[in-house]
Every structure is written in structure tokens, then in C-alpha cells.
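Enquirer: Predicted model follows, preceded by the sequence.
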Amino acid sequence: MNPVIPAPAVIRHCGIREQRAGRATAYSLPPIVGVTSIKFAVPVLAALLLATPALAREEPKPLMQAFLGSLKLDDQTASWDDVSDEDVDVEFPSSLPSGGIEAEYRYGGNDAFGWGINSGGSIGWKNSDTRISGGFSGDTGGVIRFDFDNSLFIGELHLGGYARAHLGPRVSVYAAAGPMIMYGRHKVEEEDVAAPTAEREVEISTSEESSFAFGYYSRAGIDFQYSPGQHLGLGVRYMAAKMDFDDTVGTLDLRGPQFVFTYSAQL
């Protein structure tokens with residue numbers, strides 16, 4: 001007598017459907033909530049894997065540069081009614097000591113070439129070596145000439161762009177340019193002012209004047225790495241701004257090159 005085979009039964013046990021038909025048993029995966037979650041987890045995980053290198057990569061540290069050098073301003077003429085009937089000759093020192101600091105923030109490029117933002121500032125000052133000379137018409141029709149010393153202080157802040165190229169493992173060259181704002185102060189060394197003759201007195205109504213002006217700067221140079229992250233170099237800078245010393249010497253077009261020694265370090 002053959003055994004009676006029961007009809008297929010469907011038994012649910014812990015979310016797993018078990019089907020028995022005769023001697024054959026089949027199992028099917030349950031429709032669990034995890035399947036839906038995986039659909040969202042896969043793209044999120046992929047995004048995290050792609051973002052991991054970027055998150056692990058540090059932003060490049062800025063390169064800081066300190067410099068000392070000599071600024072040579074262009075001699076010129078100006079108008080100062082208090083001390084001259086004609087334009088006065090302004091003769092700047094052959095060497096105006098100056099110094100400052102630069103910062104380079106890299107935003108793009110590769111191992112051989114980079115570019116970014118350059119910010120910085122500088123000051124220059126010299127006492128008693130800025131000569132101003134002029135003259136008055138005398139009673140005899142001649143011109144009475146005189147000159148006297150003045151002091152000049154200038155300071156500037158700038159923000160521009162830069163590019164730097166590496167010529168080898170230890171040598172790099174760079175260039176930068178952009179706008180700047182300059183502050184200047186002109187002061188008469190009063191003890192040096194005297195009447196050219198008894199015919200005419202030199203009376204200066206204002207002995208000191210300050211001014212702000214917008215201008216531009218540029219810089220270029222070469223750096224030599226002598227230790228990891230530290231460099232020594234040579235550079236040349238150029239700046240120009242038109243300063244209005246209205247109460248003293250008038251408008252001065254302050255411009256000229258600056259030759260500097262530099263020390264740079266990666267912070």
C-alpha cells in the first residue's frame with residue numbers, strides 16, 4: 001500500500017516560506033526591509049568611498065616670505081606754494097630702506113606649477129634725506145634757490161594673484177601682481193628750513209601731511225631651498241601710487257623698483 005502524499009503545505013516560520021511538494025523542498029528569500037535599505041546604502045557607500053581620499057587630503061599650507069631691501073623712488077617735480085613760486089624739485093634718497101612680508105595661498109596646479117592668492121604688505125622710511133628745492137623771484141629779478149630736508153614714510157597692503165614654477169627639486173621662480181592701498185606721511189624737518197635771504201621769508205603753514213591712495217604692485221623672484229620647507233632667494237618688486245599731500249608738497253607720484261633678499265618657509 002502506497003503512502004498517501006499530502007497536498008502541498010505552506011508553512012511560515014520566522015518570515016521564511018517553506019514549500020514542500022512530495023520529496024522536493026524549496027526555500028525562497030523573505031521580502032525583508034533590508035533589501036530596500038540596500039538600495040539607498042549602495043550609492044551612499046560609494047559616495048563615501050569616493051570622498052575618502054579628498055577628506056584625507058590636507059589643504060596645502062601657505063608659503064610665508066619675509067623680505068628686506070632697498071626701494072628707489074623716481075625723482076620728480078611738485079607744486080608747493082609756501083616755499084616756491086615755481087614747481088619744486090623732489091629728490092628721493094638713492095636707497096629707501098624697506099621690508100615686509102608675503103603670503104602665498106595655493107589654489108591649483110601640480111607638482112611643477114602652482115597658482116593662487118598672494119597677500120602681504122611692506123613699509124619704507126627715511127628721515128632727513130628727501131630733498132626738496134625751489135626758488136623765489138628776488139627783487140633784482142633773479143631767482144633765489146634753496147633746499148631743505150624732509151622725511152617720508154610709506155606703508156602698503158596688497159592682495160593679488162601669483163604663479164610659481166619649480167625648475168628643479170630645489171629651485172623655483174615666481175611672479176605676482178595686483179592692487180594695493182598705500183599710506184604715506186610727509187614731514188618737514190623744520191630745523192633745516194631757513195630763509196634763503198633776508199629778502200624773502202620761508203613760512204610753512206603745515207609741516208606734516210598724510211594721505212591714502214590706491215595703486216598697484218608686482219613682484220618676481222627666485223628661491224633656493226637649503227632645507228626642507230625653507231628657502232633663501234632674491235627678488236624685485238615694483239609699486240606705484242599717486243599720493244596727494246595737499247597741505248605740503250602737493251601730489252607725488254610714488255613709484256619705483258625695490259630689490260630684496262627673501263626668506264621663505266612653508267608653515
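Expert: Nice, thanks for sending it over. Residues are numbered from 1 along each chain as shown.
Enquirer: quick one: contacts for L68?
Expert: 97-99, 260-261 (CB atoms under 8 Å, 6 or more residues apart in numbering). In this view, the C-beta of every residue, glycine as well, is placed from N, C-alpha and C.
Enquirer: Look up which residues are beta-bridged to it.
Expert: Bridge pairing for L68 (DSSP bridges) gives the partners G99, F261.
Enquirer: can you pull the buried residues of stretch 99-117?
Expert: With burial defined by 16 or more other CB atoms under 10 Å, the residues of stretch 99-117 counted as buried are 99-100, 102-104, 106, 114-117.
Enquirer: Likewise for stretch 119-127?
Expert: Going by 16+ other CB under 10 Å, stretch 119-127 has these buried residues: 119-122, 124, 126.
Enquirer: got the residue ranges for the helices in the protein?
Expert: 33-56 (DSSP state H).
Enquirer: for it, which spans come out with low pLDDT?
Expert: 1-59, 79-86, 127-149, 189-207 (pLDDT under 70).
Enquirer: How is it partitioned into domains?
Expert: 10-54, 60-266 (automatic domain parsing).
Enquirer: residue contacts, the closest residue to A163 other than its chain neighbours?
Expert: Leaving aside its sequence neighbours, A163 sits nearest to W115 (CB to CB, 6 or more residues apart in numbering; 4.6 Å). Neighbour list for W115: 106-109, 161-164 [criterion: CB under 8 Å, 6+ apart].
Enquirer: Among those residues, which lie within strands?
Expert: 106-109, 161-164 (DSSP state E).
Enquirer: Could you export those as a markdown table, including distance to K61?
Expert: Output for the ones in strands among the contacts of W115, formatted as a markdown table (distance: CB to CB, whole Å):
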| residue | distance to K61 |
| --- | --- |
| R106 | 9 |
| Y107 | 13 |
| G108 | 15 |
| G109 | 15 |
| G161 | 19 |
| Y162 | 15 |
| A163 | 18 |
| R164 | 14 |
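Enquirer: quick one: which of those is nearest D253?
Expert: G161 (24.9 Å; CB to CB).
Enquirer: From D223, how far out is that closest one?
Expert: 18 Å (CB to CB, to the nearest Å).
Enquirer: Compare those two (neighbour count), which wins?
Expert: Legend: neighbour count by other CB atoms under 10 Å for G161 and D223, higher for D223 (23 against 14).
Enquirer: For I222, give its distance to Y263.
Expert: 13 Å.
Enquirer: and if you look at A177?
Expert: Using CB to CB, A177 is found at 22 Å from Y263.
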